[in-house]
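Undergrad: quick check, what structure comes out for this input:
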Amino acid sequence: MKFNTKAIHGGQENIDPAYGAVMPPIYQTSTYHQKTPGGHKGFEYSRSANPTRTALENAIASLENGNHGLAFGSGLAAIDAILKLFKPGDEIISTNDLYGGTYRLFTKIFEDFGLKFHFVGMNNAEHIEQYINDNTKMVWVETPTNPMMNIIDIKKIASITKKHNLLLAVDNTFATPYLQQPIDLGADIVMHSATKYIAGHSDVVMGLLAVKDQALAEKLYFIQNASGAIAGPQDSFLALRGIKTLHVRMQRHCENGKAIAEFLDQHPKIDKVYWPGLENHPNRDVAATQMKDFGGMLSFTTKEGTLDSAVKIVEKIKVFTLAESLGGVESLAGHPASMTHASIPKEEREKTGVVDSLIRLSVGIEDIDDLIDDLKQAIG
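TA: Residues are numbered from 1 along each chain as shown. Sure, this is the predicted structure:
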């Protein structure tokens, strides 16, 4: 089954044996009838499993070419579950350019529980080798990274993690399984903030995991059930509905992203544009190899290079909306240094390029002429 068909049908066989509903129903129930103690139809309590959530979990497993999916109350809850695989003294190597909430979870929560994190630039995969020791247990990768759009070679990282018997987890939020399938490239765990492109309409907060290995899946299922940070049936229904149009939405996101990146790259008031499809992107060849297209996320800095120059632009936009998050059908603009990445200390975020004049765009699926005209009037 090819991707566009999987998006609509993948993992969805025999969803509603009761009435044959085309869409999985919303099972808004906490508990289920048992004929005898332990004698149920696969569902006993909705923290452990819910038919609507199970349908979504099957769908993400199918799209990511995994065997198991798990749905959580947020992307950070999904990451939290992964980190609970480890114990005090374990070490994790993470890319140094990553979502601020992930950095906060790593450093402000799990460091206090004894985990140690190394934040490493991974544009060259071999950089991680010097940080690997007997305590290393996992490598955490975002690609494309948030917000600098760095591209990390998943296959090369996977060859290193397999050599050292480490887990490899990939945050695939920016690319989505339509553009990139990390399990096929050697990843053990794929994570999505399904709040973004997966649900796609800015009306859900959710996290998803996909894995292939049975033993690893069982450990994560245990954590999901024991910790309880599950996705509810209504949100699961909405995310599943979003998945059914993921392929057509991503095609337009990519088309519009390309047009806006090229427009900004030629604008006299713009200094640098970060988008994997531009010829001057340092790892464009890697992106072209492991991704189907280059996506609708991009960042840029002003030539003036000041906080004020960035703020003026994002305050003047009209079609774009100044807001947190990304991946919805509507175009959003954000100022990472004061919004999504404010939890990262200034000196740390500036090392990776998250300077005060950086603006991040989530390019939606509106008419491209309207989006470009909006940026023209905002930039001046």
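
Undergrad: how near is the residue most central in space within the chain to Gly328?
TA: Nearest to the geometric centre of the chain sits Thr173, at 1.7 Å (CA atoms, centre = their mean). From Thr173 across to Gly328, the span is 13 Å (CB to CB, to the nearest Å). Quick note: C-beta positions are derived from backbone N, CA and C, even for glycine.

Undergrad: can you check Thr143 too?
TA: Applying CB to CB, the value for Thr143 to Gly328 is 21 Å.

Undergrad: residue boundaries of the helices in the stretch 251-380 of the chain?
TA: 284-290, 307-316, 346-351, 368-379 (DSSP state H, counting those that start in this stretch).

Undergrad: next, the angle from the longest one to helix 307-316.
TA: Per axes from the mean of the first three to the mean of the last three CA atoms, to 10 degrees, the angle that helix 368-379 makes with helix 307-316 is 140 degrees.

Undergrad: and for helix 368-379, what are the contacting residues?
TA: 255-256, 259-260, 263-264, 267, 269-270, 313-314, 316-320, 331, 363-364 (CB atoms under 8 Å, 6 or more residues apart in numbering).

Undergrad: ok, the first one next?
TA: Residues from elsewhere that reach helix 284-290, judged by CB under 8 Å, 6+ apart: 144, 151-155, 180, 185, 276-278, 281, 294.

Undergrad: neighbour-wise, which of the residues you listed leads?
TA: Top of the contacts of helix 284-290 by neighbour number is Pro144, holding 30 neighbours under the definition other CB atoms under 10 Å.

Undergrad: need the three-state assignment for Met138.
TA: Met138 carries the three-state label strand when classified by DSSP: H, G, I helix; E, B strand; the rest coil.

Undergrad: thinking again about what came up before, mutual contacts of Thr173 and Gly328, please.
TA: Taking CB under 8 Å, 6+ apart as the contact rule, Thr173 and Gly328 both touch Lys196.

Undergrad: the more surrounded of Thr143 and Gly328?
TA: Neighbour totals were compared for Thr143 and Gly328, and Thr143 leads with 29 against 24 (other CB under 10 Å).

Undergrad: so that one is in contact with Lys156, correct?
TA: No - between Thr143 and Lys156 there is no contact under CB atoms under 8 Å: 11.3 Å.

Undergrad: need the pLDDT of the residue sitting furthest away from the middle of the chain.
TA: The C-alpha centroid of the chain is most remote from Thr36, which lies 41.9 Å away (CA atoms, centre = their mean). Thr36 carries a pLDDT value of 92.

Undergrad: that one and Thr29, how far apart?
TA: 20 Å.
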